[in-house]
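A.B. asks: Can you look at this prediction? I've put the sequence above it.
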Amino acid sequence: MTQATRPIDPGAPPIVGAHRLDRYFRMSERGTTARTEVLAGITTFLTMAYIVLVNPAILGLAGMPVASVAAATCFAAAFASILMGMVANTPLALAPGMGLNAYFSFTVVQQMGVPWPVALGCVLISGVAFLLLTLTGVRQMIVAVIPQQLFAAVAGGIGLFIGFIGLKNAGIVVASPATLVALGDLTAPGAALALFGLLVIGALSVWNVRGAMLIGIIGTTLVGWFAGQVVFKPEPYSLSALTGTAFKLDLPGVFGIGGRHGLGLIEILFVFLFVDLFDNIGTLVAVTKRAGLMDAAGRIPGLNRILMTDAVATIVGSLAGTSTVTSYVESAAGVQAGGRTGLTAVVTGVLFLLTMFVAPYAQLIPLAATAPALIIVGGLMLLPLREVDWEDAYSAIPAFLTVAMIPLTFSIANGLAFGITAHALLKLIRGRITTADWFLLLLAGLFVVRFVWMSAGA
């Protein structure tokens, strides 16, 4: 490990003055300056600030108070990003994850009928489990049995899932008794407004305008207001809005005390835990590689600190009242702007903290304005699919099943289950199974049991 990539000493003295700031974040060693890091942090914030508007819209459909979720989103993103910068010295920002918030709202709460306080409890338990796995080293064993093409496939499948939800929320895609889904009425006010927003965000993106999604959402909302599609009912603002979701999680419900959800909660915990793990590894590889922070062996310096920070962030986020907090690939925008140290993440976190003062007004943003962001983000998440060798059936079949089953069954869990099971079976058929694959076979076996159990209860 080089001097430039040594982890920060948590016991370092307080930062006082430019010299100590430089020494704490090792800016000179990494070839950057405080000015560059601040600009990089602002860039990262602009590329991911859409989550302040989109996350409350998604979790609001689960029955959660939108203003409270908006405040919780800002608080969780601020806490997690600042912690990542101070502890791991990595230009990696965090916020409630896209995909996992959709799973929380649409699958766990709406489809499975789990109350949102119980779902928040599941998020807390998954964060604690992730922290324990990181501390005990079990994380390496779990990661080792998952082939790289499935990491890419999960990201792509979640991208399609998010995009599909955006199209559905916009009214561009609607239910059909004959074909399951069909094209909606594009002349309807909501669909037309969403298409306008999609055009705006797309145009700004191809011109590489920073904050294109945030600008597009705000612009589409303004058009919606002028067109009379938004009912404006101003309410007194107070940071106390956070109390609407803070500490409202239901841990007894998670453990089945007086509940009725039973084994279904095991599946929820599994998805929250594993998707968070997959999402973080993929994001870490992409961002640290672009920042030049990987060592010669392709290892990420301070990986355990990064993963522990993520786990703590998820725990704190659940207590504040939001879904799983995870690393954002939009951090790469800040890296592209020159960010190389944790100061970039700290600046991003401070901006999220300031956003808390206006966060509750996110409830004024209509679904038609946030739907284009979901569609665009979903499309951008397909990029990792190029890492799959589509000419090799051994890699392509598990990857395709993962990508297809996530949106088509409206469940990330099903996509993961199909992909991992197919990989294990094909590896067994090809005669590539060794004694070291016992954990992979165990996972596949558990998935098969899950499929049988779900079919029997259908």
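C.D. replies: Now that the structure is in, tell me what you want to look at.
A.B. asks: So which residue is dead centre in this protein?
C.D. replies: Gly97 (2.1 Å; CA atoms, centre = their mean).
A.B. asks: Spit out the contact partners of that one.
C.D. replies: The contact partners of Gly97, by CB atoms under 8 Å, 6 or more residues apart in numbering, come to 275-276, 279, 323-326, 328. All C-beta spots, glycine's among them, are computed from the backbone N, C-alpha and C.
A.B. asks: Highest neighbour count among these?
C.D. replies: Using other CB atoms under 10 Å as the neighbour criterion, Ser323 leads those with 34 neighbours.
A.B. asks: Please report how far that residue lies from Gly292.
C.D. replies: 32 Å (CB to CB, to the nearest Å).
A.B. asks: One more: Gly157?
C.D. replies: Look at Gly157 and Gly292: by CB to CB, they are 30 Å apart.
A.B. asks: same check, this time on Phe274
C.D. replies: Phe274 is 29 Å from Gly292, by CB to CB.
A.B. asks: cool, Ala40 as well?
C.D. replies: As judged by CB to CB, Ala40 and Gly292 stand 14 Å apart.
A.B. asks: And the two? Which one has more around it.
C.D. replies: It is Ala40, of Ala40 and Gly292, that has more neighbours when counted by other CB under 10 Å, with 28 against 12.
A.B. asks: Just give the number of residues close to the closest residue to that one other than its chain neighbours.
C.D. replies: Spatial nearest neighbour of Ala40, excluding adjacent residues (CB to CB, 6 or more residues apart in numbering): Gly339 at 3.0 Å. Under the neighbour criterion other CB under 10 Å, Gly339 is assigned a count of 33.
A.B. asks: Torsion angles phi and psi at Val181?
C.D. replies: With angles defined as degrees, to the nearest 10, Val181 sits at phi -130, psi 160.
A.B. asks: tell me which residues form a beta bridge with it?
C.D. replies: Ala175 (DSSP bridges).
A.B. asks: Tell me who's in contact with it.
C.D. replies: Contacts for Val181 (CB under 8 Å, 6+ apart) come out as 173-175.
A.B. asks: Please repeat the previous calculation with a cut-off of 10 Å.
C.D. replies: 164, 167-168, 173-175 (CB atoms under 10 Å, 6 or more residues apart in numbering).
A.B. asks: Among these, which one is most surrounded by other residues?
C.D. replies: The most crowded member of these, judged by other CB under 10 Å, is Leu167 (23 neighbours).
A.B. asks: From Gly190, how far off is that one?
C.D. replies: Distance, Leu167 to Gly190, using CB to CB: 12 Å.
A.B. asks: Which neighbours do the two have in common?
C.D. replies: 184, 371.
A.B. asks: low pLDDT regions in the stretch 201-350 of the chain?
C.D. replies: Filtered on pLDDT under 70, the stretch 201-350 of the chain yields the residue ranges 231-237, 256-264, 278-279, 281-282, 285-286, 289-290, 295-299.
A.B. asks: Now do the strands in the stretch 251-400 of the chain.
C.D. replies: 325-327 (DSSP state E, counting those that start in this stretch).
A.B. asks: about what we covered before: shared neighbours, Ala40 and Gly292?
C.D. replies: Shared contacts of Ala40 and Gly292, defined by CB under 10 Å, 6+ apart, comprise 335, 340.
A.B. asks: so Phe164 touches Val173, yeah?
C.D. replies: Yes - between Phe164 and Val173 there is a contact under CB atoms under 10 Å: 7.1 Å.
A.B. asks: Now do the SS call for Ala95.
C.D. replies: strand (DSSP: H, G, I helix; E, B strand; the rest coil).
A.B. asks: would you list every one of the strands in the stretch 101-250 of the chain?
C.D. replies: In order along the chain, the stretch 101-250 of the chain carries the following strands (DSSP E, counting those that start in this stretch): 173-176, 180-183.
A.B. asks: Mind giving me the packing neighbours of the first one?
C.D. replies: It stands for strand 173-176. Secondary-structure packing of strand 173-176 (3 or more CB pairs under 10 Å, 6 or more residues apart in numbering; DSSP states H and E): helix 148-170, strand 180-183.
A.B. asks: what's the burial count for the residue nearest to Gly338 when sequence neighbours are not counted?
C.D. replies: Excluding its sequence neighbours, the residue lying closest to Gly338 (CB to CB, 6+ apart) is Thr36, at 4.2 Å. Residues near Thr36, counting by other CB under 10 Å, number 18.
A.B. asks: distance of Thr36 from Thr283?
C.D. replies: From Thr36 to Thr283 the distance is 22 Å (CB to CB).
A.B. asks: Same question for Pro117.
C.D. replies: Taking CB to CB, one finds Pro117 at 29 Å from Thr283.
A.B. asks: quick one, which of the two is more surrounded?
C.D. replies: The neighbour comparison of Pro117 against Thr283 (other CB under 10 Å) goes to Thr283, with 23 against 19.
A.B. asks: is it true that the more buried one touches Val335?
C.D. replies: No - counting by CB under 10 Å, Thr283 does not reach Val335; the two are 11.5 Å apart.
A.B. asks: which residues are common contacts for these two?
C.D. replies: Each of Leu92 lies in contact with both Thr283 and Val335 under the rule CB under 10 Å, 6+ apart.
A.B. asks: returning to what we had before: what separation is there between the residue nearest to the centre of the chain and Leu199?
C.D. replies: Distance from Gly97 to Leu199, by CB to CB: 27 Å.
A.B. asks: How about Gly378?
C.D. replies: 16 Å.
A.B. asks: coming back round to it: quick one: which of the contacts of Gly97 is nearest to Asn55?
C.D. replies: Ser323 (7.5 Å; CB to CB).
A.B. asks: and the closest one, what is it in contact with?
C.D. replies: In this structure, Ser323 makes contact with 55, 58-59, 62, 64, 69, 72-73, 76, 96-105, 108, 116, 119-120, 122-123, 272, 314, 317, judged by CB under 10 Å, 6+ apart.
A.B. asks: same thing but at 6 Å, please
C.D. replies: Applying CB atoms under 6 Å, 6 or more residues apart in numbering to Ser323 gives the contacts 96, 100-101, 104, 123.
A.B. asks: okay if I get those residues as JSON lines plus distance to Ser81 and neighbour count?
C.D. replies: Output for the contacts of Ser323, formatted as JSON lines (distance: CB to CB, whole Å; neighbours: other CB atoms under 10 Å):
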{"residue": "Pro96", "distance to Ser81": "12", "neighbour count": "31"}
{"residue": "Leu100", "distance to Ser81": "17", "neighbour count": "24"}
{"residue": "Asn101", "distance to Ser81": "17", "neighbour count": "26"}
{"residue": "Phe104", "distance to Ser81": "21", "neighbour count": "30"}
{"residue": "Val123", "distance to Ser81": "18", "neighbour count": "30"}
